[in-house]
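K.L.:
Sequence unavailable; structure follows:
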């Protein structure tokens, strides 16, 4: 029997719109009001506005801010739904999704950070374009984070004598840190979350290769034309460009990390194709043996990279723990606060997000794929593309078997929106932040938050409109 304190708290929650007074055995997504989304909106707005409005405070306290929002989301769950339901809901989010996600991203970051690319690079248009094309390919093998961290420093060295550099790193964010990583679950965190939810490894490559190839191809052409024009303009008054460059033999240092990268790729493939049939049940979760082995391989690869890579190679890459620590702390808060939001989305037209469902659902009840693309994309631009993908994946039904077949164009639209439009702002994808930080530390001026949006909206939106017309209408 409920005591007076519990009854009072339940009444307060009911009056505020948080919860009906009646008790439930599981999170009732159809009955949760928008109040339950406040912590999720709060942490995402904090990520977006904190670095802009309170930069000093944010950089010192972002972990505490993320924890605050997580507590504000978790405590009401325990208060109004009981211990068992709340623990199982949070375990599903943290143990089922967050832990595999952060182990995967962290292992890629550590292993890629141990590879140092050296050579006598000169930032001419053809070389810069080759860097971007190489990054587009590598993004699907070692992730947008891994490819960006591997190539951004040699690209900076190649262009160190040029006056016009900013556009190169803007296009680097467009292509390498975002759009190109749309063909495998290794490419971008949203697709890995989809893989964890049951989307097969090669589904994205089979369905997105044309649209990704066209997007990347158009961007490479635009970049090459722009860089050629700027390079020719610069040659007239930049004497440094005319001087010979000291010869440095091309090569890779820390090559053992390529083997470790292959192990990570192999582990992902293994978990997708090898079904042991063995499951462990813990806090309401069904954890497959192959998933545990996959995550163990990820962690082992990272540990071996730290042991086997010479310190000077990481120093040459200016390797730092801060970027991955920031991702880990912020995503902890995101994965906790998104728990009630996902339940509300699963409720579809019966839940608080019915207006959103109406936008992506036609009068005939069929999904409006163009709306899925733009809504997923615009939220990914200003919030974060991994949880946004997860939210719309669930809004579309959350059944991978259906979405990979009958709903293939819908899943395609969600995947495109989450990955492609992460390039629209600095906060759309984790590597964007990392690239900007590294470039600015080298003394290269980058656009402001809104200045970058002027570039992205001017260049990317017309391309996305063409893609919508060709592939989603």
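P.N.:
Right, received. Where do you want to start? Only a predicted model underlies this, so the values are computations on that prediction, with no experimental measurement involved. Residues are numbered from 1 along each chain as shown.

K.L.:
Wait, a helix at residue 64?
P.N.:
Yes - counting by DSSP: H, G, I helix; E, B strand; the rest coil, residue 64 is part of a helix.

K.L.:
Give me the distance between it and residue 52.
P.N.:
As judged by C-beta to C-beta, to the nearest Å, residue 64 and residue 52 stand 18 Å apart. The way it works is simple: take the backbone N, C-alpha and C, and place the C-beta from them, glycine included.

K.L.:
ok, now residue 156?
P.N.:
Computed as C-beta to C-beta, the residue 156 to residue 52 distance reads 25 Å.

K.L.:
what about these two, which has more around it?
P.N.:
Between residue 156 and residue 52, residue 156 has the larger neighbour count (other C-beta atoms under 10 Å), namely 22 against 13.

K.L.:
so where does that one fall, helix or strand?
P.N.:
Element membership for residue 156 (DSSP states H and E) is helix 125-158.

K.L.:
got it, and residue 440?
P.N.:
helix 430-441.

K.L.:
Does anything pack onto that helix? Which helices or strands?
P.N.:
helix 125-158, helix 166-175, helix 322-346 (3 or more C-beta pairs under 8 Å, 6 or more residues apart in numbering; DSSP states H and E).

K.L.:
would you list the ones you listed in CSV and tack on distance to residue 276 and mean pLDDT?
P.N.:
Formatted as CSV, those follow (distance: least, C-beta to C-beta, whole Å; pLDDT from 0 to 100):
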stretch, distance to residue 276, mean pLDDT
helix 125-158, 26, 89
helix 166-175, 38, 96
helix 322-346, 26, 84
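
K.L.:
who wins for proximity to residue 103 among the ones you listed?
P.N.:
Nearest to residue 103 among the helices and strands packed on helix 430-441 is helix 322-346 (10.1 Å), distances taken as C-beta to C-beta.

K.L.:
what does the helix or strand following that closest one rub up against?
P.N.:
With elements assigned by DSSP H and E, the helix or strand that comes after helix 322-346 is helix 354-359. Outside helix 354-359, the residues that touch it by C-beta atoms under 8 Å, 6 or more residues apart in numbering are 348-349, 351, 368, 371, 375, 395.

K.L.:
from the chain's centre, how far out does helix 354-359 sit?
P.N.:
Relative to its parent chain, helix 354-359 has a centroid offset of 24 Å by C-alpha atoms, centre = their mean, to the nearest Å.

K.L.:
That helix - what's its average pLDDT?
P.N.:
Across helix 354-359, pLDDT averages out at 82.

K.L.:
where in the stretch 301-450 of the chain is pLDDT low?
P.N.:
Applying pLDDT under 70 to the stretch 301-450 of the chain flags the ranges 383-384.

K.L.:
rewinding a little: would TSV of the helices and strands packed on helix 430-441 with distance to residue 189 be doable?
P.N.:
Shown next, in TSV, are these (distance: least, C-beta to C-beta, whole Å):
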stretch	distance to residue 189
helix 125-158	8
helix 166-175	16
helix 322-346	9
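
K.L.:
any idea how far residue 47 is from residue 198?
P.N.:
Taken as C-beta to C-beta, the span from residue 47 to residue 198 is 28 Å.

K.L.:
List the residues that contact the residue lying closest to residue 155 once chain neighbours are set aside.
P.N.:
The shortest distance from residue 155 to any non-neighbouring residue, by C-beta to C-beta, 6 or more residues apart in numbering, is to residue 131 (5.1 Å). Counting by C-beta under 8 Å, 6+ apart, residue 131 touches 151, 154-155, 158, 172.

K.L.:
and which of the residues you listed is nearest residue 28?
P.N.:
Proximity of the contacts of residue 131 to residue 28 was ranked by C-beta to C-beta; the top entry is residue 172 with 45.6 Å.

K.L.:
Spit out the contact partners of residue 107.
P.N.:
Residue 107 sits next to 264, 298-299, 301-302 when contact means C-beta under 8 Å, 6+ apart.

K.L.:
mind listing which of the residues you listed are in helices?
P.N.:
264, 298-299, 301-302 (DSSP state H).

K.L.:
can you name the two of those residues that are farthest apart?
P.N.:
By the measure C-beta to C-beta, 264 and 299 form the most distant pair in the ones in helices among the contacts of residue 107, at 10.4 Å.

K.L.:
Of these two, which one has the most company?
P.N.:
The neighbour count for residue 264 versus residue 299, taken as other C-beta under 10 Å, is higher for residue 264 (25 against 15).

K.L.:
follow-up on the earlier one: which one, of the helices and strands packed on helix 430-441, ends up nearest to residue 86?
P.N.:
Of the helices and strands packed on helix 430-441, nearest to residue 86 by C-beta to C-beta is helix 322-346, at 8.9 Å.

K.L.:
If we go by neighbour counts, what in the closest one is buried?
P.N.:
Neighbour-count burial for helix 322-346, counted by 16 or more other C-beta atoms under 10 Å, picks out 323-324, 326-346.

K.L.:
between that helix and helix 430-441, how many degrees?
P.N.:
Going by axes from the mean of the first three to the mean of the last three C-alpha atoms, to 10 degrees, helix 322-346 is angled at 150 degrees with respect to helix 430-441.

K.L.:
for helix 322-346, packing partners?
P.N.:
Using 3+ C-beta pairs under 8 Å, 6+ apart: helix 322-346 touches helix 38-53, helix 55-81, helix 83-91, helix 99-112, helix 385-395, helix 430-441.
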